[in-house]
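# let me see the structure of the following:
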Amino acid sequence: MSQRTLQQREADCLAAIRKKGPLRRAAEVVGVDVEARTVELSFSSEAEVSRWGWVEVLSHDPGAARLERLNDGGAFLNNHDWTDQRGVVVPGSARIDPEARKGRATVRLSRSAAGEELLQDMADQIRTKVSVGYEIRAVKLTEEREGLDVYTVTDWEPLEVSSVSVPADITVGVGRALEIPAEDRAPSPEEDGGTRMAPTPKVEITAPTGDRRLMDEKEQQQAREAAQRAGADAERARVRAINQLAEKFGRAVDNVEALVRGAINDGHDEAQFQRTLLEAVNARAARPLSEQAQGSDIGLTEKEVRNYSLVRVIRALSEPTDKRAQKEAAFEFEASEAAREKQEKKSERFVVPTDILRRSVYGEINTRVMTTGTAGGTIGNTGGYGVATTLMAASFIEILRNRATIMKMGATLGGLVGNVDIPKQTGKATGYWIGEDDDTTETGIELGQIAMTPKTLGGYSEVTRKLILQSSLDVEALLRRDLAIGLALAADSAGYYGTGAGNQPLGIANHTGINAVAFAGNAPTFSELVQMETQIAIDNADVDSMVYVSTPGFRGYAKTTLKFAVNGSGTIWEPGNQVNGYNALITNQIQVGDVFHGNFADFLVGMWGGLELLVDPYSNSKKGRLRIVMFQDMDFAVRRTESFCLGRKAGS
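Presented below is the predicted three-dimensional model:
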């Protein structure tokens, strides 16, 4: 056979194919994920398919298949009907498997009634056959087999994937869509002498009205393009909704970019991604605060953290004209500037980065004003503890957390930047009993949001100039612990009783919707304490980890009061520091007569960035003391008000 004859035969074959319009092939369902609404499938292979007088083989060599159309939200149709789209090809999922020599993709089904029906039929293995529609751009004659030419398609483009009900060939186990009827087929080049082509075929399509009509090639192309545009528009809307949620809520979670990529690739819709964000918030809240705060770190190395000196900062801030002090603290000021930029702080105050606040420091001395006096004795004369003494290790933020009971129990979100909206579940799915052929009532999870905005908490401590100048100890440990205690007490009080006004956060007691039990007397009976638990349980918010919180006076009362004044029953205060089978915490931050009970994991503590410092050398200059003023941005929020109950005397 001459080269010209070979080229002519390939050209004739390609011309006949183009007259026929889009072709179809068998495809294989790999798996169905009903929850994700996705179907994994193999849409092509190199299996031989008989066409109009020749054999066709689709090449799966690199570059042979043009997958751009499928990966741009290609349509998933019913029976190749371009007016009946049931889903979309997940963008980026269409690919060629080089080992299996197959084309693979993931499709996501619509939530429409038709999409739901098809998804369920596929999951129940009722509709198990799929087919791919494609166009051929180039062929190569690769074999002559007993008068039958074998053409390898070297350039082809998948147009859509369909679920089909009537396969023509089931020998491969999954079937192939029924080919165009014989009377509508064009003759092969051999049948037509290689010179005359058949007229443009007419393909029967089901219209939306259920009528049958004929569509010519131009109408077919228009319908295909319309279906593809609709699928692409739907996919863009889904991706846009996910990105908007990430922008709005993502600051409350870690690695939100990875969550977005996963949701887009897995075909999740807006509601599913909201649930993913909520789960990520819960997971982050369960982590230690020292880990959470890493999100606002500026990236200091271990060596830089070790060399950081709060003492140098205080000296430089207290003596702004001392060039030597400024030079010695140059690194600390550079770190402060980086922390301000990372945390988007507009304040010009000095900022201690979270990298440093998480560093282990020596701080187990209870002190308010520290001097270089002897070890031991009264407050105000405890600086001497610092000389040649090894103290226990802790970090500033852990000290702050442990000194405040409400921060210890609550779910703390560290390293926040900007205002934060946290998703929360506000409704739930409900089941109904229905009659035969009745529609069930549509219900589902409703999601709301909790807004948290930074509110500045301030406090101060004092240290003598002599201690800063002469002590050889790491004085930072004493300073940090003292500052943390001051902040902790103020935070604790606001967490329980904050008014939400005057720059305060809103505390639990002032949240609308929390449960309440009125005590008959100044102190609760055991029955009234049990009633607090019952109120929370009625709202389905009770958990094993609930806690009672009250005053030292309540503990003394509970230790000396029987649960029931008969049969010598045990006291209200139970072994293991428990009340009614739950842990009980005692703090002077609670008002006399009040008892809080609830699941404090639903209490959110938000912390923004590092600790801001201001050194005041003037207020106590006559005494030679420096006042160190600190500022921390915080806020509180209650995820579910039903999780809490406040008990107090009726009318108080």
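# rest of the way, CA atoms for contacts and neighbours
Noted.
# chain neighbours aside, what residue packs nearest to V55?
V150 (4.6 Å; Cα to Cα, 6 or more residues apart in numbering).
# who does the one you found form a beta bridge with?
V55, E143 (DSSP bridges).
# enumerate every residue touching it.
54-57, 141-144 (Cα atoms under 8 Å, 6 or more residues apart in numbering).
# equivalent analysis for E56, please.
48-50, 150-153.
# circling back: please tell me which one of the contacts of V150 counts the most neighbours.
Compared across the contacts of V150, E56 has the highest neighbour count, 21 neighbours, by other Cα atoms under 10 Å.
# please pick the buried ones from the contacts of E56.
Buried residues within the contacts of E56, counting neighbours by 16 or more other Cα atoms under 10 Å: 49, 150-153.
# with respect to S42, which of those is nearest?
Of all those, V49 has the smallest distance to S42: 16.3 Å, by Cα to Cα.
# and the contacts of E56, which two are the farthest apart?
S50 and V153 (13.1 Å).
# test my guess that T587 contacts T551.
Yes - here T587 reaches T551: they are 5.3 Å apart, a contact under Cα atoms under 8 Å.
# which one's more surrounded, those two?
For T587 versus T551, neighbours defined as other Cα under 10 Å are more numerous around T551 (19 against 15).
# gap between that one and L506?
T551 sits 21 Å away from L506, going by Cα to Cα, to the nearest Å.
# how many residues are close by I586?
Residue neighbour count, defined by other Cα under 10 Å, stands at 17 for I586.
# circling back: lowest-confidence entry in the contacts of V150?
Within the set of the contacts of V150, pLDDT is lowest for W54 (77).
# report the contact partners of the residue nearest to that residue when sequence neighbours are not counted.
Sequence neighbours aside, D149 is the residue nearest to W54 in space, at 5.1 Å (criterion: Cα to Cα, 6+ apart). By Cα under 8 Å, 6+ apart, the contact set of D149 is 53-55, 141-143.
# out of those, which one sits closest to L562?
Relative to L562, the closest of the contacts of D149 is V55; by Cα to Cα it sits at 92.8 Å.
# could you measure that closest one against F564, distance?
Going from V55 to F564 by Cα to Cα gives 92 Å.
# and the helices in the stretch 501-650 of the chain?
For the stretch 501-650 of the chain, the helices defined by DSSP state H, counting those that start in this stretch cover 526-538, 552-559.
# and for the stretch 201-350 of the chain?
So, for the stretch 201-350 of the chain - with DSSP H, counting those that start in this stretch - the helices run 217-249, 256-265, 270-285, 289-292, 302-307, 310-318, 323-328, 330-342.
# pLDDT below threshold where in the stretch 401-550 of the chain?
The stretch 401-550 of the chain contains residues with pLDDT under 70 at 401-403, 410-451, 469-478, 480.
# related to what we said a few turns ago, mind putting the helices of the stretch 501-650 of the chain into CSV with distance to D84 and mean neighbour count?
Formatted as CSV, the helices of the stretch 501-650 of the chain follow (distance: least, Cα to Cα, whole Å; neighbours: other Cα atoms under 10 Å):
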stretch, distance to D84, mean neighbour count
helix 526-538, 48, 18
helix 552-559, 70, 16
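# of these, which is nearest R640?
Among these, helix 526-538 sits nearest to R640 (Cα to Cα), with 10.8 Å.
# from the contact counts, what lies against the closest one?
The contact analysis (3 or more Cα pairs under 8 Å, 6 or more residues apart in numbering; DSSP states H and E) places helix 526-538 against strand 515-519, strand 595-598, strand 644-649.
# let me know the average pLDDT across the last one.
Looking at strand 644-649 alone, the average pLDDT works out to 95.
# so what are the sheet partners of that strand and their directions?
Here, using DSSP bridges, strand 644-649 pairs with strand 515-519 (parallel), strand 595-598 (antiparallel).
# just those strands: most buried one?
Most buried of the strands paired with strand 644-649 by mean neighbour count (mean count of other Cα atoms under 10 Å) is strand 595-598; its value is a mean of 25.
# run through who's touching that strand.
Contacts of strand 595-598 (Cα under 8 Å, 6+ apart): 532-533, 536, 542, 546-551, 643-648.
# now do stretch 263-273
If you take Cα under 8 Å, 6+ apart as the criterion, stretch 263-273 is touched by 36-38, 90-93, 108, 238-239, 241-242, 245.
# and it, what's buried?
Within stretch 263-273, the residues that count as buried by 16+ other Cα under 10 Å are 263-264, 266-273.
# which of the contacts of stretch 263-273 has the most neighbours?
When neighbours are counted by other Cα under 10 Å, V90 leads those with 27 neighbours.
# OK, contacts around that residue?
V90 touches 71, 73-74, 105-108, 265-267, counting by Cα under 8 Å, 6+ apart.
# mind checking which of the residues you listed land in helices?
71, 265 (DSSP state H).
# mind checking which of the contacts of V90 are in strands?
In strands, defined here by DSSP state E, the members of the contacts of V90 are 105-108.
# identify, from those residues, the entry nearest to P575.
Using Cα to Cα, the ones in strands among the contacts of V90 come closest to P575 at R108, 56.5 Å.
# who touches that closest one in this structure?
By Cα under 8 Å, 6+ apart, the residues touching R108 are 36-39, 87-90, 267.
# cool, and A226?
By Cα under 8 Å, 6+ apart, the contact list for A226 is empty.
# mind checking pLDDT for it?
79.
# how close does it get to W82?
8 Å.
# farthest-separated two in the contacts of V150?
V57 and E144 (13.2 Å).
# all strands for the stretch 51-200 of the chain, in order.
Assigned by DSSP state E, counting those that start in this stretch, the strands in the stretch 51-200 of the chain fall at 54-58, 75-78, 81-89, 95-97, 102-109, 129-145, 148-164.
# what is the burial count for S569?
With other Cα under 10 Å as criterion, S569 counts 11.
# mind listing what it touches?
Counted by Cα under 8 Å, 6+ apart, S569 has contacts 562-563.
# change the start of the numbering to 205 and stick with it
All right, first residue 205 from here; so that's S773.
# show the pLDDT at it.
Per-residue pLDDT puts S773 at 78.
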